[in-house]
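Novice: Show me how the following folds:
(one chain, ligands or ions: 1)
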Amino acid sequence: MKASVEARNLTIYYGKQVALSDVTFQLGASETLLLLGPNGAGKTTLLRTIAGFHTQYTGELLIFGKKPEEAKELVSYVPQSHSLNENVPLTALEVVAMGAIYKRGLIHRKIPPEIEERALNVLSFVGLENVANKLFRNLSGGQKQRVLLARALVSDPKLLLLDEPLSALDPSARAEVTSVLDRIKKKKNIAMIITTHDINPLLEIGDKVMLINRRMIAFGKPDEALTDEIIKSVYGPMARAIKVEERLYCITGDFHIHVRRDRK
Ligand SMILES: Nc1ncnc2c1ncn2[C@@H]1O[C@H](COP(=O)(O)OP(=O)(O)OP(=O)(O)O)[C@@H](O)[C@H]1O
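Specialist: Numbers count the residues shown, from 1 in each chain. Predicted coordinates:
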């Protein structure tokens, strides 16, 4: 079975500036990777590079054995904040169908019946068939995020990239979205990479975790990669990785990394 993502000595640039270096890892075809790191660590940069949108890199990066630019058909990317113009009165169904229409380069005034059926199926998968004809802009935060997940799934991707899918949601919406992610993990045979500031609600679905901070700090199974020492090295001495009844919890706060100077 081919790996979904293979990176070897990957270094990503913006012009001459190195954004992220030393990234080497392999992700299986149906594994979920949680990508963790403080603000500005390079999480979005890595996702956009894997998605084939950012091409300034050295080293090797293969998506199901292909270069990212040649693997776009296999990948769906859900950015941190959606770029839908909410002044345009699109229904939830239309938003989902757009995921299939754009991928195929089709611009239709009317949604083809075959795509409408697929969009309805995937809306039902995320538990939202009852809002198919409601306007996207009138949905709750959790419902909107689930519609965006449905839009990403409608083209049957083999790799799903999600940038902070739980951010800006209240606790009940977070629970809604987490349970859909759990469902994707259990029912779809696909790989996922999910960036997050708070890894705790997602630890159950993460097969692997990667900690980055402008370079790769750790990669592996959550229990093995996220040691107390490693968490402290990135988030500072107040951070903790603790185990309570065999469950791992990471207390990172949302600290920025700062350089501590010793007084003379
Ligand atoms: N378009 C760009 N041009 C130049 N530098 C950029 C660009 N986008 C991001 N960077 C820089 O690359 C580094 C990594 O940014 P990135 O957005 O990938 O981090 P992040 O981990 O996703 O952060 P956050 O958690 O705040 O979203 C930062 O130093 C950022 O300033």
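
Novice: quick one: the strands in the stretch 101-250 of the chain?
Specialist: In the stretch 101-250 of the chain, the strands defined using DSSP state E, counting those that start in this stretch lie at 159-163, 191-196, 208-212, 216-220, 240-244, 247-251.

Novice: Adding mean pLDDT and mean neighbour count, write those out as a markdown table.
Specialist: Heads up, the C-betas are built off the backbone N, CA and C, glycines and all. Converted to a markdown table, the strands of the stretch 101-250 of the chain look like this (pLDDT from 0 to 100; neighbours: other CB atoms under 10 Å):
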| stretch | mean pLDDT | mean neighbour count |
| --- | --- | --- |
| strand 159-163 | 97 | 23 |
| strand 191-196 | 96 | 25 |
| strand 208-212 | 94 | 24 |
| strand 216-220 | 95 | 18 |
| strand 240-244 | 77 | 13 |
| strand 247-251 | 77 | 15 |
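
Novice: and those as a markdown table, adding distance to the ligand?
Specialist: A markdown table is the format used below for the strands of the stretch 101-250 of the chain (distance: least, CB to the nearest ligand atom, whole Å):
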| stretch | distance to the ligand |
| --- | --- |
| strand 159-163 | 7 |
| strand 191-196 | 7 |
| strand 208-212 | 7 |
| strand 216-220 | 13 |
| strand 240-244 | 19 |
| strand 247-251 | 15 |
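
Novice: any chance of those in a markdown table, with distance to Gly142 too?
Specialist: Below are these laid out as a markdown table (distance: least, CB to CB, whole Å):
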| stretch | distance to Gly142 |
| --- | --- |
| strand 159-163 | 14 |
| strand 191-196 | 16 |
| strand 208-212 | 24 |
| strand 216-220 | 30 |
| strand 240-244 | 27 |
| strand 247-251 | 24 |
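
Novice: who's in contact with the longest helix belonging to the chain?
Specialist: Ranked by residue count under DSSP state H, the longest helix found in the chain is helix 171-187. Outside helix 171-187, the residues within contact range by CB atoms under 8 Å, 6 or more residues apart in numbering are 32, 125-127, 140-143, 145-146, 149, 153, 160, 162, 165-166, 169, 190, 192, 194, 201-202, 204-205.

Novice: let's see 10 Å
Specialist: With contacts defined as CB atoms under 10 Å, 6 or more residues apart in numbering, helix 171-187 is touched by 30-32, 125-128, 140-146, 148-150, 152-153, 160, 162, 165-170, 190, 192, 194, 198, 201-202, 204-207.

Novice: From those, which land in helices?
Specialist: By the criterion of DSSP H, membership of the contacts of helix 171-187 in helices covers Phe125, Gly141, Gly142, Gln143, Lys144, Gln145, Arg146, Leu148, Leu149, Ala150, Ala152, Leu153.

Novice: looking only at pLDDT, what's the mean for the longest helix of the chain?
Specialist: Average pLDDT, helix 171-187: 94.

Novice: How far away from the center of its chain is that helix?
Specialist: 13 Å (CA atoms, centre = their mean, to the nearest Å).
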